[in-house]
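*Asks:* need a structure here:
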Amino acid sequence: MAMEINVLLVDDEVVDLEWLRRRVAGNEHLPLHNVRTATSGFAALKMMEQYPVDIILSDIRMPIMSGMEFARKAKEINPEVHIVFISGHQDFNYAKEAIQLSASGYLLKPVDDDELNHMLSGLCAKIEKERKQHISLSETLTLVNQELLLRWFNEATPGQVETHIQSFLVPYLQDASAVAIVEIDDMAWKIESWTEEKRSVWSSSANHFIRKFAHDQNLGMVITTYDYHFVILAAVQEQYFTALMEELIRAFYQEFSFSITIGRGMYTTELDKLHKSYRQAQAALSIKWIVGKNRLIQDASEWHPKEKIAADVEVIVDRMLKAMLDYDLTTIDDCLLQLFAGDSPISQKNDIYDIIIRITSKLHADLRQMDEHLYEILNWDSHHPFVLFQFETVHDILSWLRRRFFELSELLYLKRQRQKRKLIDEITEYVKGRLEQKVTLNEVAAHFDFTPNYLGHLFKVETNSLFSDFLSELRMKRVCELLGDPTKKIYEIAEQAGYKNIIYFNRQFKQYMGMSPGEYRKRNKI
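*Replies:* Okay, here's the model as predicted:
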């Protein structure tokens, strides 16, 4: 396939821009695929985001955004782009600044045709050489060589690297390189139900995506390793690496709805330190457990544990259980966070599992004393908490526990509400059966094995009325039912409803109904 090079011309002078376009586009001796133009730095940057650009010829003196400022932003978009400045002023300061920006050339207006062609020819040859070198590097590392390189990376004390591997690494080390390791998050449980065919197709797609991204961004070499891990031998300059890795993380999630975490080691020009860079990338990736996933982790040595296990677990769990019974989700969350803010650093997953077993065991024991069963309420089997072993970060585990404990709180609260409602119904039936007698709060509380204070509080909370008002309401409802029978005398009805004093009865009825028993019968035509 013939080499295709894309050129972007930038000048705020429309006439000069068209003149330059004709001269560049009309050169049949150069492998120029597209020659695009822009009349401002802003338009040029937007064009770079839409189309590939290999060479930029830009005027230095432009309004609002100068050529120098545009060049800096252009390099951020594409670090590999070659920039040639054109100026009508032979100003050494401009030339000096252009050199600092690693400009590929500097032309003075009016640009001589031979000088322009010579500049473009040289750049095209350089780009062709870079592309061939990149293709050569990409194709040189066979599967065997990949295995040898990975084996060397994984040696505790690196020995002498194979000669042909060493020669392969030399181009990377000339301008400094680093090792990064990409891990696709949560694969162990997310693909558990997939068929082998689906796993294979998905893995191939993910592999292709990462390799294509690396190729399109001139990122460097990608080696597929094991369990959805990839090693990147970064050839891109260090100042652009972070932005590219963050873009890879965003792009991968957008494509697959799977997050990735990347650990990165040091940049180096020395072979033995490249081995150290790999180990640093491994160490960075290992603290994903604590610092979280879906991110770039660049230096594990600077990490200090923040999440810690609390010492007073028993006290905190007691407070959390009370919050569960009260359906106080805020306090439950506070307790969970406090359980991981004590004195012992969480450096190993086993620390987390130990604390979880302690929490769930205590909750289960406390609930058993209340005639409740933790695992039955949540529909767990006794080993269900071990599902936590599939999670890769402390944050994931806390999120899982938070959801489960919120669910437990809701189920306990609803169950207690149903129990209270059932109790109120039972007490109501008990009182109804004894309305002809003198019924007191003390008597009812003793029958249901409660203290009078607790029963009075329960009635106030559940019915929004005092027990005495509740009792009076039941009696008045019974009186109204009995008044519906015209054969019954009013004094007989009063006695049947538990009133021994007819004057007190009449006063209570009038206070409750707003009329006397006789007026009630007249109004209802009884």
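*Asks:* which parts of the stretch 301-450 of the chain are helices?
*Replies:* 313-325, 329-339, 349-369, 374-377, 394-432, 441-447 (DSSP state H, counting those that start in this stretch).
*Asks:* mean pLDDT lowest for which of these?
*Replies:* Of all the helices of the stretch 301-450 of the chain, mean pLDDT reaches its minimum on helix 374-377 (a mean of 65).
*Asks:* any weak-confidence spans in the chain?
*Replies:* Screening the chain residue by residue with the criterion pLDDT under 70, one finds the ranges 1-3, 89-102, 133-144, 158-164, 300-311, 341-354, 357, 364, 369-390.
*Asks:* residues in contact with the residue nearest the centre of it?
*Replies:* Nearest to the geometric centre of the chain sits N294, at 7.0 Å (Cα atoms, centre = their mean). Contacts for N294 (Cβ atoms under 8 Å, 6 or more residues apart in numbering) come out as 185, 249, 253, 259-261. Placement of C-beta: from N, CA and C, glycine included.
*Asks:* if you set the cut-off to 6 Å instead, what comes out?
*Replies:* By Cβ atoms under 6 Å, 6 or more residues apart in numbering, N294 lies in contact with S259.
*Asks:* measure it to V236 for me?
*Replies:* 21 Å (Cβ to Cβ, to the nearest Å).
*Asks:* try D328
*Replies:* Taking Cβ to Cβ, one finds D328 at 52 Å from V236.
*Asks:* these two - which one has more neighbours?
*Replies:* More neighbours surround V236 than the other of D328 and V236, with 21 against 17 (other Cβ atoms under 10 Å).
*Asks:* test my guess that that one contacts Q217.
*Replies:* No. The pair V236 / Q217 is not scored as a contact, 7.1 Å apart, by Cβ atoms under 6 Å.
*Asks:* joint contacts of the two?
*Replies:* Going by Cβ under 6 Å, 6+ apart, no residue sits against V236 while also sitting against Q217.
*Asks:* in this protein, which spans are strands?
*Replies:* In the chain, the strands defined using DSSP state E lie at 5-10, 32-38, 55-59, 82-87, 105-108, 178-184, 220-224, 229-234, 260-264, 296-297, 308-309, 344-345.
*Asks:* CSV please, covering these and showing distance to D396.
*Replies:* Below are the strands of the chain laid out as CSV (distance: least, Cβ to Cβ, whole Å):
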stretch, distance to D396
strand 5-10, 44
strand 32-38, 47
strand 55-59, 45
strand 82-87, 45
strand 105-108, 52
strand 178-184, 14
strand 220-224, 25
strand 229-234, 19
strand 260-264, 12
strand 296-297, 16
strand 308-309, 17
strand 344-345, 19
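*Asks:* mind checking which of these is nearest L483?
*Replies:* strand 308-309 (68.8 Å; Cβ to Cβ).
*Asks:* may I see the strands of the chain arranged in JSON lines, with distance to I397 and mean neighbour count as well?
*Replies:* Converted to JSON lines, the strands of the chain look like this (distance: least, Cβ to Cβ, whole Å; neighbours: other Cβ atoms under 10 Å):
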{"stretch": "strand 5-10", "distance to I397": "49", "mean neighbour count": "23"}
{"stretch": "strand 32-38", "distance to I397": "52", "mean neighbour count": "18"}
{"stretch": "strand 55-59", "distance to I397": "50", "mean neighbour count": "25"}
{"stretch": "strand 82-87", "distance to I397": "50", "mean neighbour count": "23"}
{"stretch": "strand 105-108", "distance to I397": "57", "mean neighbour count": "16"}
{"stretch": "strand 178-184", "distance to I397": "18", "mean neighbour count": "25"}
{"stretch": "strand 220-224", "distance to I397": "29", "mean neighbour count": "20"}
{"stretch": "strand 229-234", "distance to I397": "22", "mean neighbour count": "22"}
{"stretch": "strand 260-264", "distance to I397": "16", "mean neighbour count": "24"}
{"stretch": "strand 296-297", "distance to I397": "18", "mean neighbour count": "21"}
{"stretch": "strand 308-309", "distance to I397": "12", "mean neighbour count": "17"}
{"stretch": "strand 344-345", "distance to I397": "16", "mean neighbour count": "13"}
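*Asks:* tell me which of those lies nearest to L458.
*Replies:* Evaluated over the strands of the chain, closeness to L458 peaks at strand 308-309, with 38.7 Å, by Cβ to Cβ.
*Asks:* how near is I232 to R211?
*Replies:* In this view, I232 and R211 are 10 Å apart by Cβ to Cβ.
*Asks:* spit out the residues that contact those two alike.
*Replies:* V222.
*Asks:* list the contacts for the residue nearest to R211 when sequence neighbours are not counted?
*Replies:* Nearest residue to R211, sequence neighbours excluded (Cβ to Cβ, 6 or more residues apart in numbering): V222, at 5.0 Å. Taking Cβ under 6 Å, 6+ apart as the contact definition, V222 lies against 210-211, 214, 230, 232.
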